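Peer 1: using only what follows, build the 3D model:
(one chain, ligands or ions: 2)
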Amino acid sequence: MLQSFKLFFNCNLVLSRSYSGYYVSRVRYLKRLKEDDEACREALKSGNFLLYHKLSPLLRKTSNGIYTLASLKTSDLEHILEKVGKDKHFVNESFLLGCTDKGEPQFSLEVGDLDRSALEQECRGMFVDLRKAFFMLPGPESPLAAKGQALLRWHQTNCFCSATGQPTIRNQSGSFRVCNSSGITYYPKMAPVVIVLVSDGSRCLLARQTMFPLGMYSALSGFCDMGESVEETLHREVAEEVGLEVENIQYSGSQHWPFPQSSFMLACHATVNPDKTQVNIDKAELEDARWFTYEEITEALRKPPLDPRREPPVFWVPPPYAIANQLIQEWANQQQLSRKLHGLE
Ligand SMILES: NC(=O)C1=CN([C@@H]2O[C@H](COP(=O)(O)OP(=O)(O)OC[C@H]3O[C@@H](n4cnc5c(N)ncnc54)[C@H](OP(=O)(O)O)[C@@H]3O)[C@@H](O)[C@H]2O)C=CC1
Ligand SMILES: [Mg+2]
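Peer 2: Numbering: from 1, shown residues only. Ligands and ions are numbered 1, 2, ... in the order given. Coordinates of the predicted model:
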């Protein structure tokens, strides 16, 4: 059974949002923009735009050396488009992402057909691969960068109806596409994935795939099969990948993950019997899986590498934005607490 130890926190969050009333008016405004093409076209006139070049977001370095997502106002964007030889009405190709804290609508726009370096110069920024951007951006900006890319990719790969092969037409906000021939409406999709940090009480189990950057280990994960519950996927994936049977599943949180085609990560903790920890790795799925001690984990959490490709292949864990990192951090906190209780720290 899933136990949500975050339920209390989540309820409080919802309450404090509704007390202010601001949250409600913001989501209702966004709902209107999603559904009303005319209102969305109007919103484009006072929008904030994130640019992507072949799905790489535009970043800017601030005067204090911190990277941030570049956000352009409508008039600035129109001016830049004209300077690089594109009609200013190209802004209408944008997709609605959300709105800023000030209630200003935010959009993403793919500019991959335009000259990259000319744009970078005009925008005083640079297009950075999203995986790399996750290491560079401050925490709250990463989900927005991911959402913008995911929405662009979904539209790029859903231009045709899978029933008729005819083109699908987007609404203005980009919240759906429709095939006028079959009448089918397509909505942006995420594939559910379970990610689990398995513990034997004093160590946690991390694994790596051959495609991971050198030295990086993460929690076990796997796509949900059709018809499966979270618990069923979790039991199956751990059994398939490392040959262990888990118990005591605890839900931790969720996250949209843009790779490979938008996953919806459901993160859990689970335990195994400390007498049954022998891993039997499925080498077709994983390159390695190992038990890590509290000391190894805290060391890895203390020194997150900025650019793993330049580091020697020492053990490291996914960056703070990845929900795997949150699971590992929670496990370390739990261990620290229990060590204190047992007088070990
Ligand atoms: N945010 C985070 O902290 C983390 C996120 N993740 C994400 O979780 C996802 C799943 O983890 P992973 O362990 O690889 O999954 P799995 O263990 O399920 O293995 C992936 C394999 O399943 C196949 N597959 C089945 N269904 C799908 C689907 N809907 N989409 C894509 N492939 C599918 C793929 O085959 P084939 O490729 O041959 O088609 C792929 O080889 C990854 O995309 C990864 O990016 C993973 C760890 C941490
Ligand atoms: Mg897996």
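Peer 1: please identify the buried residues of stretch 68-85?
Peer 2: In terms of neighbour count (16 or more other CB atoms under 10 Å), stretch 68-85 has its buried residues at 69, 70, 71, 72, 74, 77, 78, 80, 81. In this view, the C-beta of every residue, glycine as well, is placed from N, C-alpha and C.
Peer 1: what separation is there between the closest residue to residue 240 other than its chain neighbours and ligand 2?
Peer 2: In this structure, residue 240 finds its nearest non-sequential neighbour in residue 282, 5.9 Å apart by CB to CB, 6 or more residues apart in numbering. Applying CB to the ion, to the nearest Å, the value for residue 282 to ligand 2 is 9 Å.
Peer 1: what residues are up against the residue nearest to residue 291 when sequence neighbours are not counted?
Peer 2: Closest residue to residue 291 apart from its sequence neighbours, by CB to CB, 6+ apart: residue 203 at 4.1 Å. By CB atoms under 8 Å, 6 or more residues apart in numbering, the residues touching residue 203 are 277, 291, 292, 293, 294.
Peer 1: try it again at 10 Å.
Peer 2: Counting by CB atoms under 10 Å, 6 or more residues apart in numbering, residue 203 touches 274, 277, 290, 291, 292, 293, 294, 296, 297, 331, 335.
Peer 1: check residue 42 too.
Peer 2: Contacts of residue 42 by CB under 10 Å, 6+ apart are 33, 36, 105, 172.
Peer 1: tell me how far it lies from residue 214.
Peer 2: Using CB to CB, to the nearest Å, residue 42 is found at 50 Å from residue 214.
Peer 1: can you put the contacts of residue 42 in JSON lines and add neighbour count and pLDDT?
Peer 2: As requested, the contacts of residue 42 are arranged in JSON lines below (neighbours: other CB atoms under 10 Å; pLDDT from 0 to 100):
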{"residue": "33", "neighbour count": "23", "pLDDT": "97"}
{"residue": "36", "neighbour count": "15", "pLDDT": "98"}
{"residue": "105", "neighbour count": "25", "pLDDT": "97"}
{"residue": "172", "neighbour count": "21", "pLDDT": "98"}
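Peer 1: possible to save those as TSV with secondary structure?
Peer 2: Shown next, in TSV, are the contacts of residue 42 (DSSP: H, G, I helix; E, B strand; the rest coil):
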residue	secondary structure
33	helix
36	coil
105	strand
172	coil
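Peer 1: and which of these is nearest ligand 1?
Peer 2: Nearest to ligand 1 out of the contacts of residue 42 is residue 105 (CB to the nearest ligand atom; 27.4 Å).
Peer 1: how near is the spatially closest residue to the closest one that is not a sequence neighbour to residue 32?
Peer 2: Residue nearest to residue 105 in three dimensions, not counting chain neighbours: residue 43, with 4.3 Å by CB to CB, 6+ apart. Going from residue 43 to residue 32 by CB to CB gives 9 Å.
Peer 1: overlap in contacts of the two?
Peer 2: By CB under 10 Å, 6+ apart, residue 43 and residue 32 have these common neighbours: residue 173.
Peer 1: partners of residue 109 in the sheet?
Peer 2: Under DSSP bridges, the beta-bridge partners of residue 109 are residue 51.
Peer 1: let me know the pLDDT of it.
Peer 2: At residue 109, the model reports a pLDDT of 98.
Peer 1: wait, it touches residue 71, no?
Peer 2: No: between residue 109 and residue 71 there is no contact under CB atoms under 10 Å: 11.4 Å.
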